[in-house]
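Sharing a model that was predicted from the sequence below.
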Amino acid sequence: MLVHIFRGPGRVFGFTADATAANLPDKFAPWVAFKSVELSRDEPTPGVRAGECLDDIEKHGFHITDAHVRITDQVV
């Protein structure tokens with residue numbers, strides 16, 4: 001899956017399939033485009049727990065981390 005990564009304040013990052021970041025939580029806006037990556041459960045991606053990220057995107061539409069720690073449940 002192609003996942004777009006956006007940077008929020010500090011070390012907060014949002015991951016989403018939405019290239020516009022429209023579904024990312026306003027709490028951490030403004031979101032700035034960082035990069036896009038192809039994530040797969042079968043291949044490791046440096047700095048991202050792909051399975052956890054894809055699970056969150058399927059369930060919530062996005063995955064949020066702060067200093068590489070998952071905080072998605074704190075914003076849904």
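Sure thing, it's come through.

Direction included, what does the least confident helix or strand in the chain by mean pLDDT pair up with?
Least confident helix or strand, the chain: strand 69-70 with a mean of 93, by mean pLDDT, DSSP states H and E. For strand 69-70, the paired strands and their directions (DSSP bridges) are strand 62-66 (antiparallel).

model confidence over the partner strand, on average?
Summarised as a single mean, pLDDT over strand 62-66 is 97.

For it, list the C-alpha coordinates in CSV.
C-alpha atoms of strand 62-66 as CSV (Å, rounded to 0.1, in the frame of the first residue of the first chain):
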residue,chain,number,x,y,z
PHE,A,62,-4.5,6.9,9.8
HIS,A,63,-1.6,5.9,12.0
ILE,A,64,0.0,8.5,14.4
THR,A,65,3.4,8.3,16.1
ASP,A,66,5.3,10.5,18.5
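
which other residues reach that strand?
For strand 62-66, contacts defined as CB atoms under 8 Å, 6 or more residues apart in numbering pick out 10-16, 18, 23-25, 28, 52-54, 56-57, 70-72, 74-75. All C-beta spots, glycine's among them, are computed from the backbone N, C-alpha and C.

Select from those residues every entry located in strands.
Secondary structure assignment by DSSP state E places Val12, Phe13, Gly14, Phe15, Thr16, Arg70 of the contacts of strand 62-66 in strands.

Is there a quick PyMOL command that grabs whichever of those residues are buried?
Entered in PyMOL, the line below selects the buried ones among those, by 16 or more other CB atoms under 10 Å:
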select buried, resi 12+13+14+15+16
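
Just flag the most distant two among the ones in strands among the contacts of strand 62-66.
Thr16 and Arg70 (14.4 Å; CB to CB).

show me where this structure has helices.
In the chain, the helices defined using DSSP state H lie at 50-60.

Can you pull up the most central residue in it?
By CA atoms, centre = their mean, the mean C-alpha position of the chain lies nearest to Phe15, the distance being 1.7 Å.

Many thanks, we can stop here.
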